[in-house]
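Asker: Just a sequence and a predicted model for now, questions to come.
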Amino acid sequence: MNIEHYDAIIIGGGKAGKTLAPVLVKAGRKTALVERSLQMIGGGCINIACIPTKTMVASAEVAHTAQNSAVYGVNAGVPVVDLDAVIRRKRAVVQALREVNLHNLENALGHELIIGLGRFVGPKTVEVQTDEGTRRLLSADEIFINTGTRPLIPPLPGLKEAGFLTSESIMELEGAVPEHLIVLGSGYIGLEFAQMFRRYGSRVTVVGQSAQILTQQDPDIANAVQKLLEQEGIGFVLEAKALRVDRSGSTTVLQLHVADGKLNLEGSHLLVAVGRAPTTDILNLAATGVTVDGRGFIPVNDRLETNVAGIWALGDINGGPQYTHIALDDYRIVRANLLEGGNRSRNDRLVPSALFIDPELAHVGLTETEARHQGLDIRIAKVDAAAVPRARTLGRTEGLLKAIVDAQTGHILGCTLLCQAAGEVISTVQMAMTARLPYTVLRDGVLTHPTMAEGLNVLFSKL
Ligand SMILES: Cc1cc2nc3c(=O)[nH]c(=O)nc-3n(C[C@H](O)[C@H](O)[C@H](O)COP(=O)(O)OP(=O)(O)OC[C@H]3O[C@@H](n4cnc5c(N)ncnc54)[C@H](O)[C@@H]3O)c2cc1C
Ligand SMILES: NC(=O)c1ccc[n+]([C@@H]2O[C@H](COP(=O)([O-])OP(=O)(O)OC[C@H]3O[C@@H](n4cnc5c(N)ncnc54)[C@H](O)[C@@H]3O)[C@@H](O)[C@H]2O)c1
């Protein structure tokens with residue numbers, strides 16, 4: 001079979017790959033982008049992850065606001081959530097973004113946007129089973145793997161037979177909202193869906209295997225999040241080990257081992273949200289010599305190069321933090337080093353994040369726990385969100401703000417915000433950290449009143 005030769009092949013059109021492709025073309029490299037499905041044009045973020053979830057979170061926030069409208073002197077009545085309409089709105093947002101992405105990629109790549117599943121059949125040769133049912137062989141000197149992750153399904157006895165939801169299928173649920181949603185996993189995906197469906201009207205129970213939800217956060221922050229969610233009526237079963245799942249009629253029974261023995265949790269639906277599995281298994285990496293770690297992710301150096309010269313791994317697949325903005329920064333690293341003669345590394349980048357519960361939980365830099373483990377000499381600033389005037393005007397005083405500062409230099413080492421607009425305000429802190437400004441700049445800066453950002457004046461004045 002004829003092998004079509006390229007300068008560069010990108011396997012997987014995630015945030016990193018779809019951004020890199022047009023730039024390689026512009027730089028004069030003959031480039032093919034292999035994306036497995038037209039339904040996934042633009043990658044996971046816009047089709048099955050960030051964008052659809054945040055679109056559905058927006059519906060949940062409207063329901064919550066309507067539910068509490070009387071507090072604001074507005075009688076909106078009891079809101080009725082039409083899940084079909086929520087899903088239709090989500091589909092429309094996704095579809096519009098997918099079309100924009102398709103338009104951009106077709107413009108940049110023309111016929112070199114190849115829809116089909118890619119896998120290696122030689123060191124630098126990729127076979128594509130195209131959507132039209134044909135088989136193509138492509139080779140290139142430079143190959144970029146950007147195939148992302150999929151929901152991790154634990155080997156839990158009875159799970160497959162009983163049936164379950166993932167982050168993808170739960171966003172295609174139609175009809176009535178689940179009567180009782182059990183969420184297995186108390187991390188990002190679990191908590192965003194837990195609050196969302198609670199606000200749609202479901203009873204929700206979150207099952208976590210550790211004593212603390214959001215294990216990467218400080219205990220005071222995780223406890224505050226849990227308390228907030230409990231106040232909305234979400235139940236938590238923590239320090240629980242899932243033993244097996246059964247389905248009886250319309251009831252799913254999750255058998256758990258908890259501190260005081262066995263617990264059978266009964267629900268109408270079960271969402272499995274216990275992490276993401278890398279999609280390396282279908283790539284036949286053995287044909288290239290690219291190695292994977294114990295979990296199947298592709299180890300890379302700080303320039304995102306794999307162990308095989310000329311093959312890079314970008315985005316979630318390289319085992320780094322799983323965020324779209326990190327996948328985008330992976331693209332920047334490759335662009336800088338490959339096309340601009342730079343020496344950009346992932347070592348010194350700050351990794352901001354926002355958990356889109358309401359109020360949002362945003363974080364950047366070190367947690368207090370991490371800083372203490374590193375033996376750093378630190379000072380902690382902490383204040384309730386209620387101390388921020390804007391939180392009062394919004395009637396949203398729940399949450400807290402916390403910062404970790406180097407006691408000697410005054411540099412900000414980390415910050416966590418659990419409050420309104422936290423995802424936006426954290427960028428201000430991040431920029432101060434990037435510029436290595438002392439905390440006093442945020443303490444004494446003239447910030448618009450009344451905004452949530454002004455809360456940084458309040459927070460840093462506590463030091
Ligand atoms: C429910 C959910 C919500 C999230 N919310 C957020 C959020 O709010 N903010 C945030 O920053 N991050 C969020 N994330 C994480 C974020 O979606 C990922 O970090 C990001 O999408 C990773 O991008 P990527 O470049 O690694 O590739 P991906 O977006 O994972 O794309 C990989 C692409 O490769 C394709 N592909 C896979 N295998 C092959 C193959 N063999 N051949 C051809 N194509 C292939 C896939 O179809 C896909 O299009 C969320 C994740 C989930 C699951
Ligand atoms: N807002 C955002 O930026 C956003 C939103 C959703 C997802 N994401 C990304 O996607 C990633 C994946 O999300 P996730 O929630 O699946 O993973 P996660 O790592 O955030 O949380 C998984 C949770 O499942 C628990 N767990 C693991 N195995 C278990 C088991 N057998 N039984 C019970 N609990 C178990 C873990 O202890 C952990 O609490 C996140 O880490 C994040 O990077 C980001």
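Answerer: Looks like it came in fine. Ligands and ions are numbered 1, 2, ... in the order given.

Asker: list the helices and strands the one helix or strand Ile114 maps to packs on?
Answerer: Using DSSP states H and E, Ile114 sits in strand 113-122. For strand 113-122, the packing partners by 3 or more CB pairs under 8 Å, 6 or more residues apart in numbering; DSSP states H and E come out as strand 31-35, strand 125-130, strand 135-145. Just so you know, the C-beta spots here come from the backbone N, C-alpha and C atoms, and that holds for glycine as well.

Asker: List the contacts of the closest residue to ligand 1 within the stretch 101-250 of the chain.
Answerer: Closest contact between the stretch 101-250 of the chain and ligand 1, by CB to the nearest ligand atom, is at Gly148 (2.0 Å). Gly148 makes contact with 12, 14, 43-44, 278-279, 315-317 under the criterion CB atoms under 8 Å, 6 or more residues apart in numbering.

Asker: next one: Val206
Answerer: Going by CB under 8 Å, 6+ apart, Val206 touches 183, 185-186, 190-191, 194, 213, 229, 234-237.

Asker: Let's see which of these end up in strands.
Answerer: 183, 235-237 (DSSP state E).

Asker: Give me the sheet partners of the host helix or strand of Lys402 and which way each runs.
Answerer: Using DSSP H and E, Lys402 falls within strand 400-406. In the sheet, strand 400-406 lines up against strand 378-384 (antiparallel), strand 412-419 (antiparallel) (DSSP bridges).

Asker: So which bits of the first helix or strand past the first one going along the chain are buried?
Answerer: Next helix or strand after strand 378-384 toward the C-terminus (DSSP H and E): helix 389-394. Of the residues in helix 389-394, those scored as buried under the neighbour-count criterion (16 or more other CB atoms under 10 Å) are 390-391, 394.

Asker: residues making contact with helix 389-394?
Answerer: 385-386, 397, 399, 419-420, 449-452, 454-455.

Asker: Show me what the residue lying closest to Ile182 once chain neighbours are set aside bridges to in the sheet.
Answerer: With CB to CB, 6 or more residues apart in numbering as the criterion, Ile182 has its nearest non-adjacent residue at 3.9 Å, and that residue is Gly267. Per DSSP bridges, the residues bridged to Gly267 are Thr252.

Asker: OK, contacts around Gly267?
Answerer: Applying CB under 8 Å, 6+ apart, the residues near Gly267 are 178-182, 205, 251-252, 254.

Asker: returning to that earlier point: which two in the contacts of helix 389-394 are spaced the farthest apart?
Answerer: Gly399 and His449 (19.3 Å; CB to CB).

Asker: So those two - more neighbours on which side?
Answerer: Gly399 (23 against 10; other CB atoms under 10 Å).

Asker: close enough to count as contact, that one and Lys227?
Answerer: No: Gly399 lies out of contact with Lys227 (CB atoms under 8 Å); the separation is 10.1 Å.

Asker: tell me, how many neighbours does the nearest residue to Leu328 once chain neighbours are set aside end up with?
Answerer: Excluding the flanking residues, the one nearest Leu328 by CB to CB, 6+ apart is Lys15, at 5.3 Å. For Lys15, the count of nearby residues is 28 (other CB under 10 Å).

Asker: Who are the contact partners of Met56?
Answerer: Contacts of Met56 (CB under 8 Å, 6+ apart): 86-87, 90, 171, 196.

Asker: okay, among those, which ones form the most distant pair?
Answerer: Ile87 and Met196 (12.1 Å).

Asker: okay, the two: which has more neighbours?
Answerer: Met196 (27 against 19).

Asker: Counting neighbours, what do you get for the residue in the stretch 301-450 of the chain that ligand 1 sits nearest to?
Answerer: As assessed by CB to the nearest ligand atom, ligand 1 sits closest to Gly315 within the stretch 301-450 of the chain, at 2.2 Å. Other residues lying near Gly315 total 30 when counted by other CB under 10 Å.

Asker: ok, now Leu254?
Answerer: Applying other CB under 10 Å, I find that Leu254 has 26 neighbouring residues.

Asker: For the closest residue to it other than its chain neighbours, give me its contacts.
Answerer: Sequence neighbours aside, Leu265 is the residue nearest to Leu254 in space, at 4.5 Å (criterion: CB to CB, 6+ apart). By CB under 8 Å, 6+ apart, Leu265 lies in contact with 182, 205, 207, 237, 253-256.

Asker: Narrow the residues you listed to just the buried residues.
Answerer: 182, 205, 207, 237, 253-256.

Asker: Name all residues that make contact with the closest residue to ligand 2 within the chain.
Answerer: Distances between the chain and ligand 2 by CB to the nearest ligand atom are smallest at Gly187, namely 1.8 Å. Neighbouring residues of Gly187 by CB under 8 Å, 6+ apart: 213-215, 273-275.

Asker: and Lys241, how many neighbours does it have?
Answerer: Residues near Lys241, counting by other CB under 10 Å: 10.

Asker: nope, Gly208 is what I was after
Answerer: Gly208: 23 neighbours (other CB under 10 Å).

Asker: before we move on, the earlier item: touching, the residue nearest to Leu328 and Cys45? I think so.
Answerer: Yes: applying CB under 8 Å, one finds Lys15 in contact with Cys45, separated by 5.5 Å.

Asker: who touches both of those two?
Answerer: Joint contacts of Lys15 and Cys45 (CB under 8 Å, 6+ apart) are 324, 327.

Asker: Next one: stretch 125-145, is it in contact with ligand 1?
Answerer: No: applying CB under 6 Å from any ligand atom, one finds stretch 125-145 out of contact with ligand 1, separated by at least 7.5 Å.

Asker: Okay, now the unreliable bits of this structure?
Answerer: Scanning the chain for pLDDT under 70 picks out nothing.

Asker: For it, list the residues in contact with ligand 2, please.
Answerer: So the chain meets ligand 2 at 154, 184-190, 192, 207-210, 215, 242, 273-276, 322-323, 353-356 (CB under 6 Å from any ligand atom).
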